[in-house]
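**Q** need a 3D model of the sequence below.
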Amino acid sequence: MATKVLLVDDHEVVRRGLAAMLSVHEDIEVVGEAASADEAVKRVGLDQPDVVVMDVRMPDKSGIEACREILANFPDVRVLMLTSYADEEALMASIMAGASGYVLKRVKGADLIEDIRRVARGESLLDPDMVERLFERLRHGTREDPKLAQLTEQERKILDLIADGLTNRQIAEKMFLAEKTVKNYVSTILAKMGMSNRSEAAAYVARLEAGQNIDPEEW
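**A** Numbering: from 1, shown residues only. Take a look at the predicted model:
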């Protein structure tokens, strides 16, 4: 049976170009298209694709968020992230979201077709060495502070960006999240750390990075 593919990109010309390229292969069937992340989530339920080819950058929210939602509801679907940017943060976010692959748009057509076939077979297109280096970087940066130990890896990343002085909107752009999602993360981080505002949290991180001993009970 042909591999059913859903194409997700906010540019119609890109979707049509991909559809035309894939249509000449009998073992691949384009079953639908979506122009936004929210539409993509809905289309998966309607079109029942085997593979979703998903643009990372979308107008409403990121393709990475859509990937997370799709896999939460349809765990057997494979998501192949397609992007114009070789971005380490996007790669990490894609891994955390459960994507099966991360491919640059400059990929050759024949290679993309083979990538879709491989993902459909259950293979991962994420280079194991690259993935290990990224997770090692995260582990290396892990602090044993009791307040930070309560946070997830995603929350720690956002906390570091808060400490760098980024606004919610800037964090959203950098992390490929909706601004509302970042706002919710910030509220959760402050609640877990027992702090009233982001400035207090940023100061706490700054003192840790400066090597100062902190009694968590004082905060």
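**Q** can you pull out the helices in the chain?
**A** 12-23, 37-47, 63-73, 88-97, 109-120, 128-140, 153-163, 168-175, 179-193, 198-209 (DSSP state H).
**Q** and those helices, which one averages the lowest pLDDT?
**A** Among the helices of the chain, helix 128-140 carries the lowest mean pLDDT, at a mean of 60.
**Q** relative to residue 125, how far out is residue 103?
**A** Distance, residue 103 to residue 125, using Cβ to Cβ, to the nearest Å: 7 Å. Every C-beta, even on glycine, is put in place using the N, C-alpha and C of the backbone.
**Q** now do the shared contacts for those two.
**A** 80, 115 (Cβ atoms under 8 Å, 6 or more residues apart in numbering).
**Q** in contact with residue 46, which residues?
**A** Contacts of residue 46 (Cβ under 8 Å, 6+ apart): residue 32.
**Q** let the chain start at 53 from now.
**A** Renumbered: residue one is now 53, and that last one reads residue 98.
**Q** my guess is residue 168 contacts residue 57. True?
**A** Yes - counting by Cβ atoms under 8 Å, residue 168 touches residue 57, with 6.4 Å between them.
**Q** mutual contacts of those two, please.
**A** With Cβ under 8 Å, 6+ apart as the test, residue 168 and residue 57 both reach 74, 80, 103, 105.
**Q** from the residues you listed, list just the buried residues.
**A** Among those, those buried by neighbour count (16 or more other Cβ atoms under 10 Å) are 74, 80, 103, 105.
**Q** pull the distance from stretch 232-241 to the chain's centre.
**A** The chain centroid and the centroid of stretch 232-241 are separated by 16 Å under Cα atoms, centre = their mean, to the nearest Å.
**Q** I meant stretch 202-212, not that one.
**A** Distance of stretch 202-212 from the chain centroid (Cα atoms, centre = their mean) equals 15 Å.
**Q** now that stretch: buried residues?
**A** Under the neighbour-count criterion of 16+ other Cβ under 10 Å, stretch 202-212 has 203, 207, 208, 209, 210, 211 buried.
**Q** and residue 198, which of the helices of the chain is closest to it?
**A** helix 231-245 (9.8 Å; Cβ to Cβ).
**Q** can you list contacts of the closest one?
**A** 113, 117, 199-200, 202-203, 206-207, 210-211, 214, 220-221, 223-224, 227, 229, 248-250, 252-253, 256, 271.
**Q** any quick PyMOL command for the buried ones out of those?
**A** A single PyMOL command is used to select the members of the contacts of helix 231-245 judged buried by 16+ other Cβ under 10 Å:
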select buried, resi 113+117+199+200+203+207+210+211+214+220+223+224+227+229+250+253+256
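**Q** compare the helices of the chain and report which one is nearest to residue 132.
**A** Using Cβ to Cβ, the nearest of these to residue 132 is helix 161-172, at 5.1 Å.
**Q** for the shared contacts of residue 168 and residue 57, which one is nearest residue 129?
**A** Of the shared contacts of residue 168 and residue 57, the one sitting nearest to residue 129 (Cβ to Cβ) turns out to be residue 103, at 7.4 Å.
**Q** ok, the closest one touching residue 130?
**A** Yes - the pair residue 103 / residue 130 is scored as a contact, 4.8 Å apart, by Cβ under 8 Å.
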